[in-house]
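Novice: sequence first, then the predicted structure:
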Amino acid sequence: MKYEEEILKKCGKGNPFRVPEGYFDNLSQRIMNSLPEKDMSVRPLMSVAVARRHHRLLLRLTSIAAACIGLMFVIGLYVHRSDKSLQIAKVESKVKVEQLSDQDVESMVHSSHMDDYTLYQYLSDSEN
């Protein structure tokens, strides 16, 4: 506290900075006059911020489109495999089971990707 009192005695409480008379009266006009003239006929197409937003939007739309195409590809593969296994089952149903060897039956079961229960149902339906 003593130190602060000593500083106040030496410097005082007054503001040491002074502004010339009328300095702020036409400050904005002086600043505008000191700026270089800008050609208003040529404008940039878009600002950097707008370009970044458009880039992000384009990136999102592209990723959504790629995900949709990938999903359609996976669904197409699944449908194609399902059709192929149905065609194999139709061909196999035309052949009489008694005429096939054990190796033929094993290879057909393996290629059809049927589980035991589905195979049992298929064989029980063909006997009727």
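Specialist: Right, received. Where do you want to start? Numbers count the residues shown, from 1 in each chain.
Novice: and this structure, what are its domains?
Specialist: Following automatic domain parsing, the chain resolves into domains at 48-85, 95-128.
Novice: in the last one, what's buried?
Specialist: Buried residues in domain 95-128, counting neighbours by 16 or more other CB atoms under 10 Å, are found at M108, V109, S112, M114. For the C-beta atoms, the positions are set from N, CA and C on the backbone; glycine is no exception.
Novice: tell me, how many residues neighbour H54?
Specialist: By other CB atoms under 10 Å, 11 other residues sit near H54.
Novice: quick check: which element contains it?
Specialist: Using DSSP states H and E, H54 maps to helix 48-94.
Novice: okay, the angle between the helix or strand that that helix is followed by and helix 48-94?
Specialist: As assigned by DSSP H and E, the chain's next helix or strand after helix 48-94 is helix 102-112. Counting by axes from the mean of the first three to the mean of the last three CA atoms, to 10 degrees, helix 102-112 points 160 degrees away from the direction of helix 48-94.
Novice: distance between helix 102-112 and the chain's centre?
Specialist: Relative to its chain's centre, helix 102-112 lies at 45 Å (CA atoms, centre = their mean, to the nearest Å).
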